[in-house]
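A.B. asks: structure of the sequence below:
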Amino acid sequence: MVHGRNGAIIQIPPSAHKQAMKEILSIRPFIEGDFEVVAALWQSCGLTRSWNDPKHDIDACRANPTSELFVGLSGDQIVSSVMAGNDGHRGVVYYVASAPEQQGKGFAKQMVRHAEDWLNGRGVWKVNLMIRDDNEKARGFYHAVGYEEEARINMSRRLESASKDQQLECIVTYLQMDEAPTRPAPPTPAKNIALLRCESPSVGFYRYLYESVGAGWLWYERRVIDDATLAALVIDPLVEIFVLYVDGTPAGYFELGLREMPEIELAYFGLMGDFIGQGLGSFLLRQAIDQAWSHNPDRLWVHTCNFDHPDALAVYQRCGFEPYDQQTTYVDDPRILRPDLDWT
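C.D. replies: Numbers count the residues shown, from 1 in each chain. Predicted coordinates for the structure are as follows:
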């Protein structure tokens, strides 16, 4: 089970009476050398978003004497995390995460309890958290560990940034489909094309795909992480990467995330610039959809934003995705933060 600032959740551990003896984690505060592992953990659990910079959040947490970030270790490996804080009136918890391969072992509950004990020891007698009203999995988990729903209205306001001239408005639209499409797939374009799964991509080849497809649309999250962290994200049996070739040349790719089964995320999808406008986009997207539904998920979802191709939202909808949420925020312009990278 994972739960982040937006209430995202991966998997709820089975109830305690159905589980075998639990492993007791060794829990300690975050230290400087933990960053790469923790950032990779959050990314593998789907906790990070384009508007949430893990380094910024960790630095802010560590600089605040009323907050702390804890990591849980199985042996000598970090497998869980929780961020706890005291806003002066109530306690809050964020970034509850368990490594996908370790889920179902009760680690999330141990991390939540540790955060509660830490807060209680500092005079905090109540913990608040926020969950989206449609996130039934997160609600079920927190009910199971003793949290109750209260009649409150949650209000927020985004503050102007001192560096807003270096920020971009980011409008993220979330789309989903809950059943496989019944309409016939579009015909294969009249080209010498092939679609091959990249079983265990090298980091260099993955960077080539990611940058060639995404640089023009300001994809940056995976361009600024180190090779080891990136390898942990993409070399995984629960990640499927398919590459489209045209006349033997890579033309685009899609990436499916199966870590949240029975839900699947179409995590990345796109064509390289030279192949846009040739009728390949709808073909490749339908291939991604059919591959995802071959696993019989309960739901397939994807998100796009105003940085993507202007037709991206319409293409997703034509292929059967339906919007279910939209968020607007501001993000630091990656072209200003990282001028050393090629932003074609």
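A.B. asks: what helix or strand is residue 93 on?
C.D. replies: strand 91-98 (DSSP states H and E).
A.B. asks: likewise residue 256?
C.D. replies: strand 249-257.
A.B. asks: residue 303 belongs to a strand?
C.D. replies: Yes - using DSSP: H, G, I helix; E, B strand; the rest coil, the secondary structure at residue 303 is a strand.
A.B. asks: now do the contacts for it.
C.D. replies: Each residue near residue 303 by C-beta atoms under 8 Å, 6 or more residues apart in numbering is listed here: 172-175. Yep, even glycine has a C-beta here, placed from its N, CA and C like the rest.
A.B. asks: buried only: go through those for me.
C.D. replies: Neighbour-count burial (16 or more other C-beta atoms under 10 Å) applied to the contacts of residue 303 gives 172-173, 175.
A.B. asks: quick check, nearest of these to residue 137?
C.D. replies: Distance to residue 137 across the buried ones among the contacts of residue 303 (C-beta to C-beta) is lowest for residue 175, with 19.1 Å.
A.B. asks: where's that closest one relative to residue 72, distance?
C.D. replies: Distance, residue 175 to residue 72, by C-beta to C-beta, to the nearest Å: 34 Å.
A.B. asks: equivalent analysis for residue 46, please.
C.D. replies: Distance, residue 46 to residue 72, by C-beta to C-beta: 18 Å.
A.B. asks: hmm, back to that, so what angle separates the directions of the helix or strand following the strand holding residue 256 and strand 249-257?
C.D. replies: Using DSSP H and E, the helix or strand that follows strand 249-257 in sequence is strand 263-271. If you take axes from the mean of the first three to the mean of the last three C-alpha atoms, to 10 degrees, strand 263-271 sits at 160 degrees to strand 249-257.
A.B. asks: pairing partners for strand 263-271, with directions?
C.D. replies: Counting by DSSP bridges, the strands paired with strand 263-271 are strand 249-257 (antiparallel), strand 299-305 (parallel).
A.B. asks: can you lay out these as a markdown table showing mean pLDDT?
C.D. replies: Listed next are the strands paired with strand 263-271 as a markdown table, based on pLDDT from 0 to 100:
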| stretch | mean pLDDT |
| --- | --- |
| strand 249-257 | 96 |
| strand 299-305 | 96 |
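A.B. asks: picking up where we left off before, pull out the buried positions in the strand holding residue 256.
C.D. replies: Buried residues in strand 249-257, counted by 16+ other C-beta under 10 Å: 250-257.
A.B. asks: need the max-distance pair from those.
C.D. replies: Pairwise distances across the buried residues of strand 249-257 peak at 21.9 Å for 251 and 257 (criterion: C-beta to C-beta).
A.B. asks: would you map the helices across the protein?
C.D. replies: 35-44, 54-63, 107-120, 136-144, 203-214, 227-234, 280-293, 312-318, 334-337 (DSSP state H).
A.B. asks: of all the ones you listed, which lies closest to residue 79?
C.D. replies: helix 107-120 (6.2 Å).
A.B. asks: and that closest one, what's its mean pLDDT?
C.D. replies: When pLDDT is averaged along helix 107-120, the result is 94.
A.B. asks: same thing with stretch 212-231?
C.D. replies: 88.
A.B. asks: end-to-end on that stretch?
C.D. replies: Stretch 212-231 has an end-to-end distance of 18 Å (C-alpha to C-alpha, to the nearest Å).
A.B. asks: go on, stretch 228-244?
C.D. replies: This stretch, stretch 228-244, spans 25 Å end to end (C-alpha to C-alpha).
A.B. asks: and for stretch 294-303?
C.D. replies: In stretch 294-303, first residue to last residue: 21 Å (C-alpha to C-alpha).
A.B. asks: buried ones in it?
C.D. replies: Buried residues in stretch 294-303 (16+ other C-beta under 10 Å): 297, 300-303.
A.B. asks: what's the answer for stretch 146-159, then?
C.D. replies: Using 16+ other C-beta under 10 Å as the test for burial, stretch 146-159 gives residue 147.
A.B. asks: can you offset everything so residue one is 578?
C.D. replies: All right, first residue 578 from here; so that's stretch 723-736.
A.B. asks: distance from the chain centre to it, please.
C.D. replies: The chain centre lies 23 Å from the centre of stretch 723-736; the measure is C-alpha atoms, centre = their mean, to the nearest Å.
A.B. asks: CA atoms of it as PDB?
C.D. replies: C-alpha atoms of stretch 723-736 as PDB (Å, rounded to 0.1, in the frame of the first residue of the first chain):
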ATOM      1  CA  GLY A 723      -8.200   3.000  12.900                       C
ATOM      2  CA  TYR A 724      -8.800   6.300  11.000                       C
ATOM      3  CA  GLU A 725     -12.300   7.700  10.800                       C
ATOM      4  CA  GLU A 726     -14.000  10.000   8.300                       C
ATOM      5  CA  GLU A 727     -15.100  13.400   9.700                       C
ATOM      6  CA  ALA A 728     -17.500  15.900   8.200                       C
ATOM      7  CA  ARG A 729     -15.100  18.600   7.100                       C
ATOM      8  CA  ILE A 730     -14.700  20.800   4.000                       C
ATOM      9  CA  ASN A 731     -11.100  20.800   2.600                       C
ATOM     10  CA  MET A 732     -10.100  24.100   1.100                       C
ATOM     11  CA  SER A 733      -6.800  25.200  -0.400                       C
ATOM     12  CA  ARG A 734      -5.200  28.100  -2.300                       C
ATOM     13  CA  ARG A 735      -2.000  28.100  -4.300                       C
ATOM     14  CA  LEU A 736       0.300  30.900  -3.300                       C
END
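A.B. asks: no further questions, thank you.
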